[in-house]
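Engineer: predicted coordinates and the sequence they were generated for:
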Amino acid sequence: MADIQSWLARPGRPLHGVLDIPGDKSVSHRAVMFAALADGVSRIEGFLEGEDTRATAAIFGQLGVRMETPSVSTRIVHGVGVDGLRAPSRPLDCGNAGTGMRLLSGLLAAQKFDSVLMGDASLSKRPMRRVIDPLMRMGARIDSEEGGLPPLRIHGVGSLRGIDFQSPVASAQVKSAVLLAGLYAEGETRVSEPHPTRDYTERMLSAFGVDIDFSPGRARLRGGQRLHPADVVVPADFSSAAFFIVAASIVPGSELLLRAVGLNPRRRGLLDALRMMGADIAEENPSAQGGEPVADLRVRYAPLHGIELPGSLVPDMIDEFPALFVAAACAEGRTVVSDAAELRVKESDRLAAMASGLRALGIVVDEVADGATIHGGRIQGGTVESHEDHRIAMAFAVAAQRAQDEIRIDDVTNVATSFPGFDRLAASAGFGLDAA
Ligand code: S3P
């Protein structure tokens with residue numbers, strides 16, 4: 001996969017099969033981090049073998065944490081305790097992962113040693129002020145490049161103080177960075193958010209024995225607590241499943257069963273949006289896995305129609321807009337997205353990347369500062385750019401399944417950051433998708 005630069009994608013056959021989607025990226029990052037901080041040995045099952053999450057695991061190796069990989073997607077982590085991390089001898093490379101960099105900035109800001117967090121070209125353009133500012137209020141010392149960009153040079157101040165932080169952005173990464181720093185801070189740290197975001201940090205810290213009080217949109221903890229080891233079962237990543245949910249919804253004759261997909265309430269907004277558009281998605285066998293709700297998703301083709309997406313749904317589907325734009329392009333009528341300016345600071349500017357890609361394929365898209373109107377139509381063949389963004393690449397592979405002609409998708413290596421094996425799994429389900 002790492003060597004494949006471009007895909008040629010075209011309509012395959014109706015999509016069928018029972019698919020196992022790889023583990024959740026957000027949960028995998030946190031599982032490694034918290035297991036590393038625990039007093040003892042933890043086991044992680046279903047770990048995402050993606051570049052982002054492996055980068056985080058490698059960073060903990062540099063920080064002196066021993067990890068074993070007895071089999072694919074399993075990690076045994078020999079935790080060193082909250083005070084057991086070692087000074088790294090080199091900069092810590094987060095790769096493409098905003099989650100890795102932002103969460104680690106909170107954790108490292110509280111250590112006694114200096115460290116440097118760096119990333120790839122895309123991550124080096126992403127805003128870090130949103131974590132630097134609250135961490136500095138806690139007493140951290142962090143230098144960044146002009147405009148608050150990585151690399152981040154974190155000074156080991158060794159002591160922080162708790163704050164009451166009202167986050168201006170709905171961001172689980174910002175909330176988590178502050179909570180991780182709060183674990184080391186004097187007194188209590190409180191975070192509130194303008195809209196509730198995914199609460200994996202809160203749930204998982206609690207599973208690792210931390211006394212943390214949380215409800216949608218708020219969390220607080222006392223500093224100075226220790227973590228017990230815990231075993232984590234990582235559910236299938238909803239954001240990866242999203243591409244297959246949309247694909248089965250738009251390709252006539254399709255029926256896919258996606259097994260045990262994580263349905264955290266703050267992640268499943270795409271299901272609401274697609275159902276408003278007329279999609280046929282059933283949730284079967286609901287259960288819990290590692291403290292998270294999961295269910296099998298049975299998705300059948302259904303004709304879709306455009307909607308005005310309620311702004312309140314945006315944070316609950318923040319990673320799903322590339323997939324939603326494709327559904328909207330195949331829907332009858334127009335779909336209006338607003339309140340979604342955050343999409344401009346993801347792995348790429350996703351509003352611009354999706355608008356220009358869809359336009360190249362003959363779809364009319366009116367782009368505005370915080371959203372876009374997508375006019376459903378016929379997707380033509382053509383060439384599109386991924387903008388080095390995994391989700392843009394996968395979204396256009398889905399779009400191609402309803403295209404009139406072949407679509408060439410350039411620069412797809414970053415798909416391995418979140419979904420290694422996407423191309424093989426997609427082809428097995430019936431996608432027309434080949435290496436160019
Ligand atoms: C994530 C939070 C979201 C999401 C990202 C993963 C996390 O980012 O887009 O893919 O694991 O906390 P923000 O918190 O910046 O919205």
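Structural biologist: It's in.

Engineer: right, and residue 392 touches residue 348 too?
Structural biologist: Yes - using C-beta atoms under 8 Å, residue 392 is in contact with residue 348, at 6.1 Å. C-beta: built from backbone N, CA, C; applies to glycine.

Engineer: got any residues that touch both of the two?
Structural biologist: residue 386 (C-beta atoms under 8 Å, 6 or more residues apart in numbering).

Engineer: quick one, which of the two is more surrounded?
Structural biologist: Ranked by neighbour count (other C-beta atoms under 10 Å), residue 392 and residue 348 place residue 392 first, with 28 against 24.

Engineer: SS state for residue 224?
Structural biologist: For residue 224, the assignment made with DSSP: H, G, I helix; E, B strand; the rest coil gives coil.

Engineer: can you tell me how far it sits from the ligand?
Structural biologist: Distance, residue 224 to the ligand, by C-beta to the nearest ligand atom, to the nearest Å: 24 Å.

Engineer: and the pLDDT at that residue?
Structural biologist: Looking at residue 224, its pLDDT is 98.

Engineer: for it, what are its contacts?
Structural biologist: 184, 186.

Engineer: roughly how far does it sit from residue 162?
Structural biologist: Separation of residue 224 from residue 162 (C-beta to C-beta, to the nearest Å): 10 Å.

Engineer: which neighbours do those two share?
Structural biologist: residue 186.

Engineer: quick check: residues of the stretch 1-150 of the chain near the ligand?
Structural biologist: 26, 99 (C-beta under 6 Å from any ligand atom).

Engineer: taking the stretch 1-150 of the chain, what residue is nearest to the ligand?
Structural biologist: residue 26 (3.2 Å; C-beta to the nearest ligand atom).

Engineer: strands of the stretch 1-150 of the chain, residue ranges please.
Structural biologist: Here the stretch 1-150 of the chain has its strands, by DSSP state E, counting those that start in this stretch, at 6-10, 16-19, 41-45, 66-68, 74-78, 92-93, 115-118, 141-145, 149-155.

Engineer: for residue 85, which of those is the nearest?
Structural biologist: Closest to residue 85 of the strands of the stretch 1-150 of the chain, according to C-beta to C-beta: strand 115-118, at 9.3 Å.

Engineer: can you list contacts of that closest one?
Structural biologist: 87-88, 91-94, 101, 104-105, 108, 124, 150-154, 156.

Engineer: filter the residues you listed to the buried ones?
Structural biologist: 88, 91-94, 101, 104-105, 108, 150-154 (16 or more other C-beta atoms under 10 Å).

Engineer: confirm that residue 433 sits in a strand.
Structural biologist: Yes - Residue 433 forms part of a strand when assessed by three-state DSSP.
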